[in-house]
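**Student:** Just a sequence and a predicted model for now, questions to come.
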Amino acid sequence: LFRDVRGPELVVVPAGNYQMGDLSGDGLPNERPVQTVTIDAPFGISDTEVTVGKFRDFVNDTAYVTEAENNGNCAELNNGMPKMDGTLNWRSPGFQQTENSPVVCISYEDVKAYTDWLSDKSGFDYDIPSEKQWEYAARAGTETDFWWGEDVGVKNANCRHCGSEWSNERSAPVAQFARNPWGLFDTVGNVWEWTRSEDGQVVRGGAWNFAPSLARVSTRMELPADFSSNYIGFRVVRAQ
């Protein structure tokens, strides 16, 4: 991007068709009806969630201040409900993280600022994945609730009661679990990821402190653009 700063590492997802939504019958009403989706062209998608270090490159270059830092509106989960905590932000989300942890306490508007900067610096067109792109890439040609099967198993991902050392404690550094068949890490659990939708802003993928049933590939949660929390991050896509 500039000097010795690299952008997110990408994998290429091929064009194709897939069935989007609740294929197993275990999902929520907002995952239905199942629809056939066509992805007309290949696209690049970051193989991991954007990390604290990658987001810091952006902040160091622009002096950007996130909405949580400005407004004290980053949420944490308290008795199953989001509770705002004015002390939380991407630098200090309420748990220990590293430069290789997924950045959190980032609103949809913050993410758009990052992708605009990334586009400007690189000369390529970056954005947040659409819901259709995200689910297509996360399924990676599979039709099960998780890319490896119908059950979450043990130590396959970072979500509540998933058996990892980070489960229900904090986010894990990216790429601690196996890639899916198309080369993406952490599409199950770790942190929810912002996506674009016809309905507005939607997060996908589940998180370290949410039940495995909410880390299923078709699970979706609609949120306002200014919401941020210590369990939501993002990854990026780039047009070919």
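**Tutor:** Okay, I see it. Residues are numbered from 1 along each chain as shown.

**Student:** so W182 sits in a helix?
**Tutor:** No - when DSSP: H, G, I helix; E, B strand; the rest coil is applied, W182 is found to be coil, with no helix at that position.

**Student:** How many residues are close by it?
**Tutor:** W182 sits with 20 neighbouring residues when counted by other CB atoms under 10 Å. Every residue, glycine included, has its C-beta placed from N, CA and C.

**Student:** Please identify which helix or strand holds the most centrally placed residue in the chain.
**Tutor:** Centroid-nearest residue in the chain: E193, 2.2 Å away (criterion: CA atoms, centre = their mean). Secondary-structure assignment from DSSP states H and E places E193 in strand 192-197.

**Student:** If you average the pLDDT over that strand, what comes out?
**Tutor:** Averaging pLDDT along strand 192-197 yields 97.

**Student:** Only the buried residues of it, if you could.
**Tutor:** W192, E193, W194, T195, R196 (16 or more other CB atoms under 10 Å).

**Student:** quick check, distance from stretch 198-211 to the centre of its chain.
**Tutor:** 8 Å (CA atoms, centre = their mean, to the nearest Å).

**Student:** Kindly check the end-to-end length of that stretch for me.
**Tutor:** Stretch 198-211 has an end-to-end distance of 26 Å (CA to CA, to the nearest Å).

**Student:** buried sites along that stretch?
**Tutor:** Q201, V202, V203, R204, G205, G206, A207, W208, N209, F210, A211.

**Student:** export the residues you listed to JSON lines and tack on secondary structure, pLDDT and distance to D145?
**Tutor:** Converted to JSON lines, the buried residues of stretch 198-211 look like this (DSSP: H, G, I helix; E, B strand; the rest coil; pLDDT from 0 to 100; distance: CB to CB, whole Å):
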{"residue": "Q201", "secondary structure": "strand", "pLDDT": "96", "distance to D145": "23"}
{"residue": "V202", "secondary structure": "strand", "pLDDT": "98", "distance to D145": "18"}
{"residue": "V203", "secondary structure": "strand", "pLDDT": "98", "distance to D145": "17"}
{"residue": "R204", "secondary structure": "strand", "pLDDT": "98", "distance to D145": "13"}
{"residue": "G205", "secondary structure": "coil", "pLDDT": "98", "distance to D145": "12"}
{"residue": "G206", "secondary structure": "coil", "pLDDT": "98", "distance to D145": "11"}
{"residue": "A207", "secondary structure": "coil", "pLDDT": "98", "distance to D145": "16"}
{"residue": "W208", "secondary structure": "coil", "pLDDT": "98", "distance to D145": "18"}
{"residue": "N209", "secondary structure": "coil", "pLDDT": "97", "distance to D145": "19"}
{"residue": "F210", "secondary structure": "coil", "pLDDT": "97", "distance to D145": "14"}
{"residue": "A211", "secondary structure": "coil", "pLDDT": "97", "distance to D145": "13"}
